[in-house]
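Participant: next input, structure requested:
(one chain, ligands or ions: 1)
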Amino acid sequence: MSFRAPKGTNDLIAQDAWGYLNICKQAAEIFFRYGYQPIQTPTFESLDAFVRGIGSATDVIGKEMFYVNSATSLEKLIAGVELKADERLALRPEMTAGVARAVLERGVVVADGPLVKLHYAGSMFRHERPQKGRLREFHQIGAECIGSAEPTADAEVIMMFIHFFESLGLPKERFTLLLNSMGDEHCRPAYREQVKQYVLDHAGQLCEDCLRRADTNPLRAFDCKNPNCQSIMAEAPVITDALCPECADHYAEVKRLLDKAGITYVEDPYLVRGLDYYTRTVFELQSDDGQGAQNALGGGGRYDRLLQEFGDKSIPGLGFAIGCERLLMALESRGLKAVMPSVQVYLAAASDDARPTVFLLADELRRNAFSVEIDHQSRSLKSQLKSADRLGAEYLVAIGSDELSCGVATLRSLREDFSVEFGLADAVQNLCIIMQKNKC
Ligand code: AMP
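Facilitator: Presented below is the predicted three-dimensional model:
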């Protein structure tokens, strides 16, 4: 085989793909209870939308973007011709910027208009160094609640986020919800300066990356994985001491609501999250599953300035994104891997003259909500029985010349000691009655 999947990508096949579909379905069901409707946006957007939304000083924009070039734009680039704004495209590294662009462009949100709640699932792309739990194309499930600055919206979003994880059967005790407030445009700039000064004061002890970002994004030093930097940054000034009264009140109210709702969290004043658009509440769910540095299953926060970056209206919002690959790993490590639905009935042709009957009966049964498989490879009865076994079929019906001439066939359970004869004339009706009786 000469082709391999590109580095940092994954193939989800059969059972693994069921796992992904199941969590997407579960998310849609849970989020719907909270009033969320689905949204799909393009996989690629204008590069400028991401730069504007996410922030040029973030790793996602600075290091990890996948650019999209058509043959024409590539030719222009090679010839040294500058691309126009609408020719500069990139694969989405996250979905919030695309959702913000979409709801503004389509007039779905308006300033002081009704709340808009949307959820999504899809592929995201970041050119990171691949490792377990860190891919270049990965999948996220997420939700965005746009139009409320109230702390009740923060609390509800966090409660829905936790509810989703719990609904999948993940035990609460093995996960930690981290919570922080990042302040807003009134209090964060001064705090940023404090942290910048702290980083510069400790220049000799911090890594190159932290120093390089001291000017543009000093708060990223809190996310540095270097143990040395982590111990230095553990002594840095904390944002919670620097919040303005409005942000402090907002944060206190979010915590009060979560306490009332029985949501357990740990305050982490160093939780800053990687994207520039966050203001006030930020949160992250970490698993203690031994996924090393990749233990964040999902996270999110408030982004009250993001929509303003895209339009002229100040519309607050918040949301979260959950990494599907990491979630599936966490489920698997707890024995919660998706069960692949099995074929209900295998219809075997015991002789060639029965093949047309088998073919049509299979179709009728499928139209009556049964999952049915038949042979398409001119296999012997013995091989067909092996296929039924391999597929984990619950029932087998073998139809041959004898069954055709007497008009009666046998439904045989492949799991229990059960078999019953049924008339072929009203085969579907008969099978429906038998299956219902046996609660198939
Ligand atoms: P973020 O959009 O960076 O806030 O990430 C939200 C969630 O997406 C994280 O908590 C991870 O579970 C997941 N995630 C982010 N980046 C990656 C990646 N490169 N590979 C796999 N999952 C990722």
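
Participant: how about the residues of the stretch 51-200 of the chain near the ligand?
Facilitator: In this structure, the stretch 51-200 of the chain approaches the ligand at residues 94, 126, 128, 133, 134, 135, 138, 140, judged by CB under 6 Å from any ligand atom. Backbone N, C-alpha and C define where each C-beta goes, glycine included.

Participant: what's the closest of those residues to residue 146?
Facilitator: For those, the minimum distance to residue 146 (CB to CB) is 15.6 Å, reached by residue 94.

Participant: got a list of what the closest residue to that closest one other than its chain neighbours touches?
Facilitator: Beyond its immediate neighbours in the sequence, the residue positioned closest to residue 94 (CB to CB, 6 or more residues apart in numbering) is residue 124, lying 5.6 Å away. The neighbours of residue 124, taking CB atoms under 8 Å, 6 or more residues apart in numbering as the test, are 92, 93, 94, 95, 137, 138, 139, 140, 321.

Participant: same deal with residue 258?
Facilitator: For residue 258, the contacting residues are 155, 158, 159, 179, 265, taking CB under 8 Å, 6+ apart as the criterion.

Participant: and the furthest pair within those?
Facilitator: It's 159 and 179 that sit farthest apart of the contacts of residue 258, by CB to CB, at 12.4 Å.

Participant: more crowded one of the two?
Facilitator: Neighbours per residue (other CB atoms under 10 Å) separate residue 159 from residue 179, with residue 179 holding more: 23 against 16.

Participant: and the residue of the stretch 51-200 of the chain found nearest the ligand, which of the three is it?
Facilitator: Relative to the ligand, the nearest point of the stretch 51-200 of the chain is residue 138 (3.5 Å; CB to the nearest ligand atom). Counting by DSSP: H, G, I helix; E, B strand; the rest coil, the backbone at residue 138 sits in strand.

Participant: touching the lengthiest helix in the chain from outside, list them.
Facilitator: Among the elements of type helix in the chain, defined by DSSP state H, the one spanning the most residues is helix 15-33. Residues outside helix 15-33 that contact it (CB under 8 Å, 6+ apart) are 12, 38, 117, 119, 121, 139, 141, 143, 160, 163-164, 167-168, 322, 324, 327-328, 331-332, 337-341.

Participant: out of these, which sit inside helices?
Facilitator: In helices, defined here by DSSP H, the members of these are 160, 163, 164, 167, 324, 327, 328, 331, 332.

Participant: mind listing the residues bridging to the nearest residue to the fifth one once chain neighbours are set aside?
Facilitator: Excluding the flanking residues, the one nearest residue 324 by CB to CB, 6+ apart is residue 139, at 3.9 Å. In this entry, residue 139 is beta-bridged to residue 123, by DSSP bridges.

Participant: quick one on the thing from earlier: so how far is the longest helix of the chain off the chain centroid?
Facilitator: Relative to its parent chain, helix 15-33 has a centroid offset of 9 Å by CA atoms, centre = their mean, to the nearest Å.

Participant: cool, and stretch 35-46?
Facilitator: On CA atoms, centre = their mean, the centre of stretch 35-46 falls 13 Å from the chain's centre.

Participant: ok so, going back, ok, now which ones touch the residue of the stretch 51-200 of the chain closest to the ligand?
Facilitator: With contact taken as CB under 8 Å, 6+ apart, residue 138 is in contact with 10, 123, 124, 126, 323, 324, 325.

Participant: at 6 Å instead, please
Facilitator: Residues in contact with residue 138, defined by CB atoms under 6 Å, 6 or more residues apart in numbering, are 124, 325.

Participant: how confident was the prediction at it?
Facilitator: Predicted confidence (pLDDT) for residue 138: 98.

Participant: now residue 12
Facilitator: Looking at residue 12, its pLDDT is 94.

Participant: count of neighbours near it?
Facilitator: Applying the criterion other CB under 10 Å, we find 15 residues in the vicinity of residue 12.

Participant: so who does it touch?
Facilitator: residue 20.

Participant: list phi and psi for it.
Facilitator: Reported as degrees, to the nearest 10, the phi and psi values for residue 12 are phi -100, psi 120.

Participant: what about it, distance to the ligand?
Facilitator: Relative to the ligand, residue 12 is positioned 13 Å away (criterion: CB to the nearest ligand atom, to the nearest Å).

Participant: residue 275 too?
Facilitator: Counting by CB to the nearest ligand atom, the gap from residue 275 to the ligand is 7 Å.

Participant: now that residue. Nearest residue, chain neighbours left out?
Facilitator: Leaving aside its chain neighbours, residue 275 sits nearest to residue 54 (5.1 Å; criterion: CB to CB, 6+ apart).

Participant: pLDDT at that neighbour, what is it?
Facilitator: pLDDT, the model's per-residue confidence, is 87 for residue 54.

Participant: and it, how many neighbours?
Facilitator: Residue 54 sits with 24 neighbouring residues when counted by other CB under 10 Å.

Participant: surely residue 391 touches residue 344?
Facilitator: No. With contact defined as CB atoms under 6 Å, residue 391 does not reach residue 344; the gap is 10.1 Å.

Participant: neighbour-wise, which of these two wins?
Facilitator: Ranked by neighbour count (other CB under 10 Å), residue 391 and residue 344 place residue 344 first, with 18 against 15.

Participant: near whichever residue of the stretch 201-350 of the chain sits closest to the ligand, how many other residues are there?
Facilitator: Residue of the stretch 201-350 of the chain nearest the ligand, by CB to the nearest ligand atom: residue 323 (2.2 Å). Residues within reach of residue 323, counting by other CB under 10 Å, total 23.
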